[in-house]
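Undergrad: return atomic coordinates for the entry below.
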Amino acid sequence: MAKIRVCMYENVDEVVFKSSIYPKRLPAILKGIAIGHCKQKWNKEYLKKVIGKNEVKVHVCKTPQMDFIRKNFIYKTLTFDDFIERASSEKHHEYFLSEDEKYYLRSLGEDPRKDVSNFHQLFPTLSNDLKEPKLFDSESFFSSVLRIGSPGVQLWTHYDVMDNILIQVNGRKRVVLFSPKDALNLYLVGDKSEVIDIDNPDYTKYPLFKNATWHECLLEPGDVLFIPALWFHNVTSLDFGVAVNVFWRHLDPSAYDHKDVYGNKDPLAATRAIQIADRAIKTLHELPDDYRDFYARRIIGKIQSKACSQF
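TA: Next comes the predicted model:
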């Protein structure tokens, strides 16, 4: 399995990003960008003090590896100060599943069914501490998400349909990314990979995962990671960590599902194409086995020659 280090760039501004980094459509670590006073201020005591008893809905899991396909976690509502205390501790006197359970917060909109997450609106007492890098046109903004996790928490491999930056405020993160061209090697269920333990995969179950190319990096406090749309990423919090994720629409707004509040629904045209493919598969099952195999190969060949830039 090939491994590539994600490229790092120093002191990037909007002009350099848009002209030299963004067009490459590759992940990039941006160092030396001013992100405000959050890096110095957002320790656990400060976070507990300024947000206090406001309630948040969090993931709670027995193991560090969270699996969204099999749902190996539960959701619980905690006051923010209680959540911070639990998430920053290795062992817990009070717990839901086990004394070493892990916690993860992904901020939600005021009405999670209708509203996107906007960090500055949801956490006004923290808003002035964070200066978001101006790397995209403001009218393209979609959402900003506060993410806080226990040491060791590893999020499932998935892709997003919008470009985004991950601003690592405190703590370190290990991020492993895979190109969209590795989609067939990742055993997808929707936007998520079935391969949960990427460091010790079951190659008898997932043999093609050997062919995937890793793009790996370590984020330090103050680093900003650019994640292009459709790039798969697997994120591990090496320490108690605080980050803010900012998403923006880089396609025409009409391309997206207007009911999508998380930014992870496939573009409308892609959704229609997948639905057509599902109907085609169902139709092929009306044929005898040898005919079904033959016409399935013809369809695959047509897709490869007409719709794929490289296979």
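Undergrad: which parts of this structure belong to which domain?
TA: As given by automatic domain parsing, the domain ranges for the chain are 3-255, 268-307.
Undergrad: want to throw the ones you listed into CSV with mean pLDDT, distance to residue 262 and mean neighbour count?
TA: Where C-beta positions appear, they are placed from N, C-alpha and C, glycine not excepted. Listed next are those as CSV, based on pLDDT from 0 to 100; distance: least, CB to CB, whole Å; neighbours: other CB atoms under 10 Å:
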stretch, mean pLDDT, distance to residue 262, mean neighbour count
domain 3-255, 96, 8, 17
domain 268-307, 95, 15, 11
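Undergrad: closest to residue 261 out of these?
TA: With CB to CB as the measure, domain 3-255 is the member of the domains of the chain nearest residue 261 (5.0 Å).
Undergrad: can you get me the start-to-end distance on the closest one?
TA: Domain 3-255 has an end-to-end distance of 33 Å (CA to CA, to the nearest Å).
Undergrad: do the same with stretch 96-112
TA: One end of stretch 96-112 sits 23 Å from the other (CA to CA).
Undergrad: need the domains of the chain in TSV with distance to residue 261, can you?
TA: Shown next, in TSV, are the domains of the chain (distance: least, CB to CB, whole Å):
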stretch	distance to residue 261
domain 3-255	5
domain 268-307	16
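Undergrad: can you dump the C-alpha coordinates of the lengthiest helix in the chain into CSV?
TA: If you go by DSSP state H, the chain has its longest helix at helix 289-307. C-alpha atoms of helix 289-307 as CSV (Å, rounded to 0.1, in the frame of the first residue of the first chain):
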residue,chain,number,x,y,z
ASP,A,289,-27.3,-15.7,-15.4
ASP,A,290,-25.2,-15.7,-18.6
TYR,A,291,-27.2,-12.9,-20.2
ARG,A,292,-27.1,-10.9,-17.0
ASP,A,293,-23.3,-11.2,-16.8
PHE,A,294,-22.8,-10.3,-20.5
TYR,A,295,-25.0,-7.2,-20.4
ALA,A,296,-23.7,-6.1,-17.0
ARG,A,297,-20.2,-6.1,-18.5
ARG,A,298,-21.4,-4.1,-21.5
ILE,A,299,-22.8,-1.5,-19.2
ILE,A,300,-19.6,-1.4,-17.1
GLY,A,301,-17.6,-0.9,-20.3
LYS,A,302,-19.8,2.0,-21.4
ILE,A,303,-19.5,3.7,-18.1
GLN,A,304,-15.7,3.3,-18.1
SER,A,305,-15.3,4.6,-21.6
LYS,A,306,-17.9,7.5,-21.4
ALA,A,307,-17.9,8.7,-17.8
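Undergrad: quick one: it to chain centroid distance?
TA: Its chain's C-alpha centre and that of helix 289-307 lie 33 Å apart, by CA atoms, centre = their mean, to the nearest Å.
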